[in-house]
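> just a sequence and a predicted model for now, questions to come.
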There are 2 protein chains.
Amino acid sequence: MKWEKQYRERTTNPMQTLNINILEKINSPQDVKKLSVSEMENLATEIRNTIINKVNLIGGHLGPDLGIVEATIAMHYVFNSPQDKFIFDVSHQCYPHKMLTGRKQGFIDPIGHPEISGYSNPAESEHDHFVIGHTSTSVTLATGVAKARDIKGEKYNVIALIGDGSLSGGEAFEGFNNAATLNSNFIIIVNDNEMSIAENQGGLYKNLSLLRETNGTAENNVFTAMGFDYYYLEDGNNVEKMIEVLKEIKDIDHPTVLHIHTLKGKGYKPAEEDKETYHWQLPGFLDKKDTGTPIETYDSITTDYIVKKKNEGEPIIAITAATPGAIGFSKEFRKELGEHYTDVGIAEQHAVGYASGIAQNGGKAILGVLSSFIQRSYDQLSQDLALNNSPATILVYWGGISNADMTHLQTFDIPLISNIPNIVYLAPTNKEEYLAMLDWSVKQNEHPVAIRVPASSVISTGIEDKTDYSILNKYKIEEQGQKVAILGLGNFLTLAKEVKRELAEKTNINATIINPRFITGIDTEMLDNLKQDHDLVITLEDGVLDGGFGEKIARYYGNSTMKVLNYGGKKEFTDRTPLSELYRRYRLTKEQIAEDVIKTLSL
Amino acid sequence: MKWEKQYRERTTNPMQTLNINILEKINSPQDVKKLSVSEMENLATEIRNTIINKVNLIGGHLGPDLGIVEATIAMHYVFNSPQDKFIFDVSHQCYPHKMLTGRKQGFIDPIGHPEISGYSNPAESEHDHFVIGHTSTSVTLATGVAKARDIKGEKYNVIALIGDGSLSGGEAFEGFNNAATLNSNFIIIVNDNEMSIAENQGGLYKNLSLLRETNGTAENNVFTAMGFDYYYLEDGNNVEKMIEVLKEIKDIDHPTVLHIHTLKGKGYKPAEEDKETYHWQLPGFLDKKDTGTPIETYDSITTDYIVKKKNEGEPIIAITAATPGAIGFSKEFRKELGEHYTDVGIAEQHAVGYASGIAQNGGKAILGVLSSFIQRSYDQLSQDLALNNSPATILVYWGGISNADMTHLQTFDIPLISNIPNIVYLAPTNKEEYLAMLDWSVKQNEHPVAIRVPASSVISTGIEDKTDYSILNKYKIEEQGQKVAILGLGNFLTLAKEVKRELAEKTNINATIINPRFITGIDTEMLDNLKQDHDLVITLEDGVLDGGFGEKIARYYGNSTMKVLNYGGKKEFTDRTPLSELYRRYRLTKEQIAEDVIKTLSL
């Protein structure tokens, strides 16, 4: 993993002496119940220091966890987990919960750090009820939990913790809407820290603001409007007051919202002051140095292009769904764009439909979104965008076989997007291709276009790509050879070239290298031509094989004698598995592929 | 199409003499502007009669359109379409709009009926801005339209019409949240007819009810809470009052909600009284006769099974997302189930997450959903359900190559569901298999299971299926032959048998017939065995080929000499195309397939 490498590369161990007298004694929620208020306050400080220390060592979510410490302690003090069930939204807020439920070693001891994931996970503890990583799910899942409890005639509290921006996701709203109809215990804690990942966006947050200003007394209240009982606590970082209000609503017999106001990043000054930057941090943030001249990345190439177009007078609208930082939409970029920029909040469905609406009305919409999150908008890609042939541009970032947590894999975007009619999904392999594709996409008015932004450092040919991408599904022969043709899609063109060299060394085969560029179509002419002097076609794609690019090539050659070997990821959820291990598992090394070629061709 | 057949089968033409003196003169919205109020009232009656007549002839949406007549007339009277842009949600409410925008012949003249679709469509008229069929999209799309208008410095009204239950969908909420941040003209008309397709569900509707009761004056108001200006009109079926309020908000310079109360089904007594039944009707409803003893369908098999399990004390929860009628969850069934039934409203994301929550807590969730709508919950299928291995049951109805409107194709569920890890997707081919799979799914606790309910009349073997479906990915050889093996998935096992007969007649090949049963996995043992005495494997699937079942078989055989022919739908949006035409286009007739076999094997 990225951090493992960075961790190993560190020459000094910056771990501070952790003063954890109280935390040391906490092995389960039962131990929390024995503490006095002042001990709990000290415990909060110890938990904070431990979080800061761990995140500094291996990276992770900082601000959200620092903000929710007291609330979590109070929840474990008042309720009886796991009988009472806590269901975390944006479960990156669950570090304190993990520390109080038998998993503190994963935070205290650097060796144990990788053992405990950054998200809730039933495999780790009976106190976690779901694997959760994408947001806006807690109320929905908890509604199901409560319904099953009721139908089985059981009694206990079901508590969903939501907040930190995830209220804006459609699934959250759908969950609220149904939860309100329960005739039984159901508690939603809305952790209102005035933030999403970047600033909170949208009309809903106006109401939260009004409620904060009126200490929860405003008559106009989205929660009571939907039929919830409602409690407000201004100081959600006060453990004593949190305990008081939780005791009041414990065992309540109807759907109830507890709205608490907390300080994101609390206890670490820089995180309190710059909430967006410290939402998540890479290792070593405590002694971060000036990193010198910024290097060119695909992020910076993108934002430079967008700014240029905007300055040329194009009706560009750059859109993000709450992850501007992850895709290089920096504060400077946003300021520069002004009205040409929209952060819709955590609302990917809306983001895609909004882009379609803009495109249909002559605007140039460019939505940047991570592979893992584009899957939150399949129906919008299909109905709002593709069916309307709206010429919006969707930039899919980070797509590829992934060493991420199982909730944030970036492996499934190709089957997701490429089997929808009308969308042109492109896989550039270098800077010049990427820019040419982006520019074509913005200029044209015929197709919805998605571009899989290369997930690597920048490769540049230095030669402008003058391809006319309006001629769809034309693959490019990078190197003409014979007998074996290797189709290296996007990120994996590099691997294709490595395999070619390996084959040249191990056999006398001079393989053909093809850069498909188009994920969503077959270059039948080229594939037919290959039949003349090739016996084997290899496809390499940086994503799950099932439903992906390679299978379509296999289908195309099904009635011929051409052999086809497809390489890519397996259909599985992996969890923080190092890329090197995944590549070996999927036979995605040049040695393994060469071995397979030799076997298949009986060389 | 179904209705075409039914139409042809009718022996008498029940078309009544349409009295359409005013409608006859309306060729564009300009003509509406010339009318007096009383003429508009008469026009409303004429439009109603025309709708009733057309729906009686060819089927379609009835109640929603009858309710929105006056509002539509008033909209065209006050605004200037297409400069001012109307964007319809659940665009099945757009019949009156179509009649006023040059398309009345499609409603008056039976020959023209099929020309005009039941949903908004820019290909038909400049007054339609999007192809829309799935719900909850209008505010999102309109927000994009308004944003593009603003960035280009243009001025006109953008009006989204939402309602009839679609407010509960997450995309609608996400749209409201972002729309509230516009600093410009934006009008949302909320058509509150107190209904979804069935009863309105959820907390949001409590607020609508409060607003109705207080004539829009209640302080607690979800719309103003989110920052919208707000207007209320109690009698949304009064054209004069509609005109008055629309004049008031025309050219308004900030986001505004106009909440109108209308009567679904207005003007047709049975539709006013039984809003659910008359939401949509098949042809001939005006002279509907007693249909005699109900026949057994896969719907009735399903509901009978659910009732039986519930009565045996299983913690069953049957779930629908607002389409109980389409899947046989009748009023009697719902009453029988009581607390064991949930209609979450139009909220498919929540429906899947809710099912997962129930399953994780020991309940037996059975979600019934149409193929076209399951795609509204990809992320929930992946994250909430599959990643958690929640043993819920998803019944996918109507899946297959489809003669429906392009917004309601049922063709994409296989690539959508089957490329997600952990889910077991099953394709039963007859009643006994279906019941065995359903029963296994409800009993087991290991896998999320989806079952593609056969889209045909019931086929029964009369022999109980005792297969142990916990042994995954075991295909079944229905008839052992040689040389050619035909894998007939689900609905298409019947076609496989037809092809076998055709081949037997045309060649001397006695083909093997295989019933895969499992969509989500490969029976490698069986596929390997086929290599011994088969040269060609054919796959038949009732859905889009791209990303589907057959391509995985082609991939598997890629390194062998086995030839593979994949048959299924093309990746395209079709629009009310007859099945016979689609089958011919996709070479899905026994004659075409036999022809291909002869060619491929050079017989």
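It's in. Numbers count the residues shown, from 1 in each chain, chains lettered A, B, ... in the order given.

> so where's chain A uncertain?
A:1-17, A:196-201, A:289-292 (pLDDT under 70).

> hey, which helix is longest across it?
Longest helix of chain A, by residue count under DSSP state H: helix A:37-58.

> how distant is whatever helix or strand comes next after that one from the center of its chain?
Tracing the chain C-terminally past helix A:37-58 and defining elements by DSSP states H and E, one meets strand A:60-61 next. Here strand A:60-61 is found 13 Å from its chain centre; the criterion is Cα atoms, centre = their mean, to the nearest Å.

> which residues are in contact with strand A:60-61?
Residues from elsewhere that reach strand A:60-61 (Cβ atoms under 8 Å, 6 or more residues apart in numbering or on different chains): A:54-55, A:92-93, A:95, A:118, A:279-281. For glycine as for every other residue, the C-beta is placed from the backbone atoms N, C-alpha and C.

> nearest to chain B among the residues you listed?
The closest of the contacts of strand A:60-61 to chain B turns out to be A:His92 (Cβ to the nearest Cβ; 14.0 Å).

> for A:Glu595, see how far away the closest one is.
A:His92 sits 41 Å away from A:Glu595, going by Cβ to Cβ, to the nearest Å.

> quick one: which of those two has more around it?
Using other Cβ atoms under 10 Å in any protein chain shown as the criterion, A:His92 and A:Glu595 rank with A:His92 on top: 26 against 14.

> quick one: contacts for the more buried one?
A:60-61, A:64-65, A:118-119, A:133, A:280.

> quick one: buried ones out of the contacts of strand A:60-61?
Buried by 16 or more other Cβ atoms under 10 Å in any protein chain shown: A:54-55, A:92-93, A:95, A:118, A:279-281, out of those.

> sort out for me which of the residues you listed are in strands.
Among the buried ones among the contacts of strand A:60-61, DSSP state E puts A:280-281 in strands.

> let me know the closest of the buried ones among the contacts of strand A:60-61 to B:Ile316.
Set against B:Ile316, the nearest of the buried ones among the contacts of strand A:60-61 by Cβ to Cβ is A:Gln93 (33.6 Å).

> mind checking the SS state of A:Glu478?
At A:Glu478, secondary structure determined by DSSP: H, G, I helix; E, B strand; the rest coil is strand.

> likewise A:Ser377?
Secondary structure, three-state DSSP: A:Ser377 is helix.

> again, but for the one 3 residues further on
When the structure is reduced to helix, strand and coil (three-state DSSP), A:Gln380 reads as helix.

> what do you get for A:Ile317?
Under three-state DSSP, A:Ile317 comes out as strand.

> which residues of the stretch 1-150 of chain A lie near chain B?
Counting by Cβ under 8 Å from any Cβ of the partner chain, the residues of the stretch 1-150 of chain A lying close to chain B are A:85, A:122, A:129-134, A:137, A:140-150.

> show me which of these are buried.
Among those, those classed as buried by 16+ other Cβ under 10 Å are A:85, A:129-134, A:137, A:140-150.

> which residues touch A:Ile101?
Slight slip there: residue A:101 is Thr, not Ile. Applying Cβ under 8 Å, 6+ apart, the residues near A:Thr101 are A:28-29, A:76, A:81, A:125, A:127-128.

> nearest to A:Ile188 among those?
Checking the contacts of A:Thr101 against A:Ile188 by Cβ to Cβ gives A:Ser81 as the nearest, at 16.5 Å.

> helices or strands up against the one helix or strand A:Thr494 maps to?
When elements are assigned from DSSP H and E, A:Thr494 belongs to helix A:493-506. Packing partners of helix A:493-506 (3 or more Cβ pairs under 8 Å, 6 or more residues apart in numbering or on different chains; DSSP states H and E): strand A:476-479, strand A:483-488, strand A:512-515, strand A:534-544, helix A:590-600.

> rewinding a little: filter the contacts of A:Thr101 to the buried ones?
Using 16+ other Cβ under 10 Å, the buried ones in those are A:29, A:76, A:81, A:125, A:127-128.

> how about those in TSV, adding secondary structure?
Shown next, in TSV, are the buried ones among the contacts of A:Thr101 (three-state DSSP):
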residue	secondary structure
A:Pro29	helix
A:His76	helix
A:Ser81	coil
A:Ser125	coil
A:His127	coil
A:Asp128	coil
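
> count of neighbours near the residue lying closest to A:Asp575 once chain neighbours are set aside?
The shortest distance from A:Asp575 to any non-neighbouring residue, by Cβ to Cβ, 6 or more residues apart in numbering or on different chains, is to A:Met406 (4.0 Å). Using other Cβ under 10 Å, A:Met406 has 20 neighbouring residues.

> ok, A:Met406 - contacts?
Neighbouring residues of A:Met406 by Cβ under 8 Å, 6+ apart: A:131, A:133, A:573-576, B:387.

> how would you label A:Asn19: helix, strand or coil?
Going by three-state DSSP: A:Asn19 is coil.

> off-centre distance for stretch A:543-551?
Stretch A:543-551 sits 21 Å away from the centroid of its parent chain (Cα atoms, centre = their mean).
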